[in-house]
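1. Predicted coordinates and the sequence they were generated for:
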Amino acid sequence: MRKEFDACLALFEHKQRFVLSTHVNPDPDAIGSEIALASFLKSRGKDVAVLNHSATPANCLFLDPERSIAQFSAEQHADLISTAEVIVVLDANQLDRLQSLHPFVLKSAAIKICIDHHLERQPFADLYIVDEEAAATGEILFNLFLHCDPKSVTKEIATALYAAIMTDSGSFRFPKTDAALHRVVADLIERGADPAQIYYETYEQGSAKRLQLLGHVLSTLKIDHEGRVASVYASRAMFAKTGTTEEDTENFVTYTLTIAGVQVGLMFTELAEGVKISFRSRGEIAVNKLAQDFGGNGHKNAAGARTNTQQLDGIISRVVERAKAYLV
């Protein structure tokens, strides 16, 4: 990607005002990538604003101790977007995933860069730095920074990129975890990333209420299609009973794939505005295609969708039945 890297770095060098953003309900890859790129640009004297539709999740706050990421408000931040010279969309390749920022970014005259690793991008950017084989957007950024200057990856950047890669690779157990990725991770550790501390901050700072919610969710486990599809759900009643929110369900879906023989794992989260669906799969099962059947998208083995339906039982039965077509 040398040509794309050179074009991106030329913009980084010659432009001054930058806005960074990512998808709704950001994960550590999204937040880590934003923090890393913001740090990189600020070290070069650039003016950088990081604006997201959603608030930063609790398990990512340690990456942003100065609370530099702002939750977008049109009244406060529209001018930043309209006057930006460059807008960088990270870990998302569909502009509508920016939610409330979408119309402002769309009409902005700024040069738009997309840095991402997801499939099936939609046209909106002037420059795409997309590597669908990368385990995380953080991995792409690491290579971009090294292409610019091997000394540019500070301890702060290394920490953010390690968190990004660790989480999006499933703690280094997903199929895209290869020797090259481990070499990247080793480099990040040598530059100051602390694996034990990052794992602790990301995965081991949940509340007792979250654990109680997990118990309720796992009690809904259902196995279908001769043991090849597992599903669970979280209802609004569960959230009310445990005092938790949608954010507390992060990674719950992965428990469905810990069952022997399960090829597709599903989680349904009942929200005020509809139902969120999380899809996971093993091997060659393209669960992103299943997600597309319900208006979503994502990676081959990890995807998501949101529906406007208020009928939790109905959407569960429809998705479970449709999943049969994707089994091997």
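-> That came through, no problem. Numbers count the residues shown, from 1 in each chain.

2. which secondary structure element contains residue 305?
-> Per DSSP states H and E, residue 305 falls inside strand 302-307.

3. Give me the residues contacting that strand.
-> 174, 274-281, 287-288, 290-291, 294-298, 315 (Cβ atoms under 8 Å, 6 or more residues apart in numbering). Just so you know, the C-beta spots here come from the backbone N, C-alpha and C atoms, and that holds for glycine as well.

4. one more time with 6 Å
-> 274-280, 287-288, 291, 294-296, 298, 315 (Cβ atoms under 6 Å, 6 or more residues apart in numbering).

5. mean confidence score for that strand?
-> Averaged across strand 302-307, pLDDT comes to 91.

6. From the chain's centre, how far out is it? Work that out for me.
-> Per Cα atoms, centre = their mean, to the nearest Å, the displacement of strand 302-307 from the mean C-alpha position of its chain is 12 Å.

7. Would you mind measuring from residue 118 to residue 94?
-> Separation of residue 118 from residue 94 (Cβ to Cβ, to the nearest Å): 8 Å.

8. ok, the two, which is more surrounded?
-> residue 118 (21 against 18; other Cβ atoms under 10 Å).

9. Tell me where this structure has strands.
-> With strands called from DSSP state E, the chain shows them at 17-22, 47-52, 69-71, 86-90, 111-116, 127-130, 222-224, 229-234, 264-271, 274-281, 297-298, 302-307.

10. so what's residue 128 closest to, chain neighbours aside?
-> Spatial nearest neighbour of residue 128, excluding adjacent residues (Cβ to Cβ, 6 or more residues apart in numbering): residue 114 at 4.9 Å.

11. Mind pulling up the pLDDT for residue 161?
-> 98.

12. Could you find the closest non-adjacent residue to it?
-> Residue 161 sits nearest to residue 138 (Cβ to Cβ, 6+ apart), 4.3 Å away.

13. ok, the one you found - how many residues close by?
-> 33.

14. can you check residue 186 too?
-> Count around residue 186 with other Cβ under 10 Å applied: 11.

15. Residue 190 now?
-> 10.

16. which ones are touching it?
-> Here residue 190 is in contact with no residue (Cβ under 6 Å, 6+ apart).

17. same question, residue 236
-> residue 270.

18. Need the pLDDT of the residue lying farthest from the centre of the chain.
-> Within the chain, the residue lying farthest from the chain centre (Cα atoms, centre = their mean) is residue 226, at 31.6 Å. On the pLDDT scale, residue 226 is placed at 96.

19. For residue 277, see how far away it is.
-> On the measure of Cβ to Cβ, residue 226 and residue 277 end up 22 Å apart.

20. now swap in residue 7 and tell me
-> 37 Å.

21. Look at those two and report which has more neighbours.
-> Per other Cβ under 10 Å, whichever of residue 7 and residue 277 has more neighbours is residue 277, with 25 against 15.

22. quick one on the thing from earlier: you'd agree the residue nearest to residue 161 is up against residue 31?
-> No. In this structure, residue 138 is not within contact of residue 31 by Cβ atoms under 6 Å, at 10.0 Å.

23. Which residue ranges of the stretch 51-200 of the chain form helices?
-> Using DSSP state H, counting those that start in this stretch, the helices assigned to the stretch 51-200 of the chain run over residues 74-83, 102-107, 137-148, 155-168, 179-190, 195-203.

24. Mind putting these into JSON lines with distance to residue 61?
-> Shown next, in JSON lines, are the helices of the stretch 51-200 of the chain (distance: least, Cβ to Cβ, whole Å):
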{"stretch": "helix 74-83", "distance to residue 61": "20"}
{"stretch": "helix 102-107", "distance to residue 61": "25"}
{"stretch": "helix 137-148", "distance to residue 61": "17"}
{"stretch": "helix 155-168", "distance to residue 61": "11"}
{"stretch": "helix 179-190", "distance to residue 61": "20"}
{"stretch": "helix 195-203", "distance to residue 61": "9"}
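
25. Could you say which of those is packed most deeply?
-> Neighbour counts (mean count of other Cβ atoms under 10 Å) averaged over each of the helices of the stretch 51-200 of the chain peak at helix 155-168, with a mean of 26.
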